[in-house]
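*Asks:* need a structure here:
(one chain, ligands or ions: 2)
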Amino acid sequence: MDATSSSAVVSQLRLSSPSFRNSKSRFFEPLAQLISMLRAPKSKEGYASIGGGSPLRKITDEQANALKLALEAKNKNVSVYVGMRYWYPFTEEAVQQIKKDKITRLVVLPLYPQFSISTTGSSLRVLQNIFREDAYLSRVPVAIIRSWYQREGYVKSMADLIEKELQSFSMPDEVMIFFSAHGVPVSYVEDAGDSYKDQMEDCIFLIMTELKARGINNRHTLAYQSRVGPVQWLQPYTDKVLVELGQKGVKSLLAVPVSFVSEHIETLEEIDMEYKELALESGIENWGRVPALNCTSSFINDLADAVTEALPSAAAITTSTSEEVYSDPVNCFVKLFFGSLLAFILFLSPKILGI
Ligand SMILES: C=CC1=C(C)c2cc3[nH]c(cc4nc(cc5[nH]c(cc1n2)c(C)c5CCC(=O)O)C(CCC(=O)O)=C4C)c(C)c3C=C
Ligand SMILES: [Fe+2]
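*Replies:* Ligands and ions are numbered 1, 2, ... in the order given. Next up is the predicted model:
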């Protein structure tokens, strides 16, 4: 295909949401903004401790190039664009380039294996707004890959990394496999119906099933990291579980970052520094960490298959009526208003929060 007729893939980092049409989650934007504000001081420190910046942009660009090559090897001559939610190149910039290149079909590939309204959902909302308002873009057929943790290629690639890393322990069978997922506020799951928690649990089940099929029967557990601010996040919390495991006598632990596919601040600083130190202080003696998938070829190859499979379903983005409306917007607004007010008051008293 030539440049003007080729399909394009947007590798949307921090893009996420149930779909372009389900907008319950937009009621949670104020909470997300507040959390982002509260994250800022900790993020600043974290970036400083890993050398002043995240490697995320570089790794994402490498993944995009690797994806293009993998697609070309499958006789799909496509352009790949990177769009980010909170950093350059922003989604808006990627879309402008897509328009300039006169792309005629698009596959949106969030770089999150599991769907959450806070990641894929939030990014899809940005895309939806841009596409709706543009006469050309609103006619471009788009296919959205909402989640892909259930794909055999991803599950096997994760199992490969875990299997390999277990071998670095002197007694691999004794090691506790510790899946650490990025958390989200509980209200996302309970009030907005975010499928993130269910998808995460399903994802762990699939990886453990694959490991068992390989004769690997280690104990495992799942906990949630990176919580910020005064609201309740998904539990159990990674820091609390690490301390409990140490107290219960677990000696060897392999941390598996399961919601990320690239090394970044939450793997390099939060897991490798903060959680490792906490685990060792709590009595865990042997610590290991599975690397992020980054450009692992089986993983990239599977993403290329996911894109190829999604292409035929590309359709123009339409606006929906019934699904736009949150089932109980008043209740949602009241909860959010008081939740955000409380959070704001606490934010003004950083000493109470201990941040
Ligand atoms: C599955 C992964 C992630 C979830 C769930 C998630 C929730 C979440 N994030 C914000 C706000 C911000 N996140 C930011 C950075 C960031 N977030 C993730 C992943 C998830 N976030 C990643 C991989 C990164 C990049 C880290 C890096 O190395 O650059 C940022 C940007 C600034 C920063 O603090 O790093 C914001 C802002 C909210 C509000 C939220 C759930 C409600
Ligand atoms: Fe985030």
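
*Asks:* Setting aside sequence-adjacent positions, which residue approaches residue 236 most closely?
*Replies:* Among residues not flanking residue 236 along the chain, residue 223 sits closest, at 4.8 Å (C-beta to C-beta, 6 or more residues apart in numbering). In this view, the C-beta of every residue, glycine as well, is placed from N, C-alpha and C.

*Asks:* and if you look at residue 220?
*Replies:* Leaving out its chain neighbours, the residue that sits closest to residue 220 by C-beta to C-beta, 6+ apart is residue 177, at 4.0 Å.

*Asks:* what does the model give that neighbour for pLDDT?
*Replies:* Reading off the confidence values, residue 177 has pLDDT 98.

*Asks:* cool, and residue 20?
*Replies:* In this model, residue 20 carries a pLDDT of 39.

*Asks:* Start the count at 2 instead of 1 going forward.
*Replies:* Renumbered: residue one is now 2, and that last one reads residue 21.

*Asks:* Mind jotting down where the helices sit in this protein?
*Replies:* Ranges of helices within the chain are 30-50, 57-74, 92-101, 123-133, 153-167, 187-191, 197-214, 239-248, 266, 277-282, 298-311, 330-348, 351-354, based on DSSP state H.

*Asks:* Looking at these, which is nearest to residue 257?
*Replies:* Among the helices of the chain, the nearest to residue 257 by C-beta to C-beta is helix 153-167 (6.1 Å).

*Asks:* Just to check, the residue nearest to residue 237 is in contact with residue 183?
*Replies:* No - in this structure residue 224 lies outside contact range of residue 183 using C-beta atoms under 8 Å: 11.0 Å.

*Asks:* any residues in contact with both of the two?
*Replies:* Applying C-beta atoms under 8 Å, 6 or more residues apart in numbering, one finds that no residue jointly contacts residue 224 and residue 183.

*Asks:* Find the nearest non-adjacent residue to the residue nearest in space to the middle of the chain, please.
*Replies:* In the chain, the centroid-proximal residue (C-alpha atoms, centre = their mean) is residue 113; its distance is 3.6 Å. Spatially, and ignoring its direct neighbours in sequence, residue 113 is nearest to residue 120 (4.8 Å; C-beta to C-beta, 6+ apart).

*Asks:* before we move on, the earlier item: least reliable of the helices of the chain going by mean pLDDT?
*Replies:* Across those, the lowest-scoring stretch is helix 351-354, with a mean of 38.

*Asks:* can you list the helices of the chain in TSV and add mean neighbour count and distance to ligand 1?
*Replies:* Formatted as TSV, those follow (neighbours: other C-beta atoms under 10 Å; distance: least, C-beta to the nearest ligand atom, whole Å):
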stretch	mean neighbour count	distance to ligand 1
helix 30-50	15	3
helix 57-74	18	4
helix 92-101	17	14
helix 123-133	21	8
helix 153-167	19	14
helix 187-191	18	7
helix 197-214	18	7
helix 239-248	19	13
helix 266	21	4
helix 277-282	16	17
helix 298-311	19	16
helix 330-348	14	12
helix 351-354	10	16
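
*Asks:* Against residue 135, how distant is residue 277?
*Replies:* Applying C-beta to C-beta, to the nearest Å, the value for residue 277 to residue 135 is 47 Å.

*Asks:* what do you get for residue 168?
*Replies:* As judged by C-beta to C-beta, residue 168 and residue 135 stand 52 Å apart.

*Asks:* Next one, pLDDT for residue 118 please.
*Replies:* 95.

*Asks:* Please verify my assumption that it contacts residue 29.
*Replies:* Yes - counting by C-beta under 8 Å, residue 29 is a contact partner of residue 118 at 6.6 Å.

*Asks:* overlap in contacts of these two?
*Replies:* Here residue 118 and residue 29 have 189, 193 as joint contacts, going by C-beta under 8 Å, 6+ apart.

*Asks:* Between these two, tell me which one has more neighbours.
*Replies:* Neighbour totals were compared for residue 118 and residue 29, and residue 118 leads with 29 against 26 (other C-beta atoms under 10 Å).

*Asks:* so how far is residue 125 from the more buried one?
*Replies:* 9 Å.

*Asks:* likewise residue 186?
*Replies:* Computed with C-beta to C-beta, the distance linking residue 186 and residue 125 is 19 Å.

*Asks:* returning to what we had before: do I have it right that the residue nearest to residue 113 meets residue 112?
*Replies:* No - the pair residue 120 / residue 112 is not scored as a contact, 9.1 Å apart, by C-beta under 8 Å.
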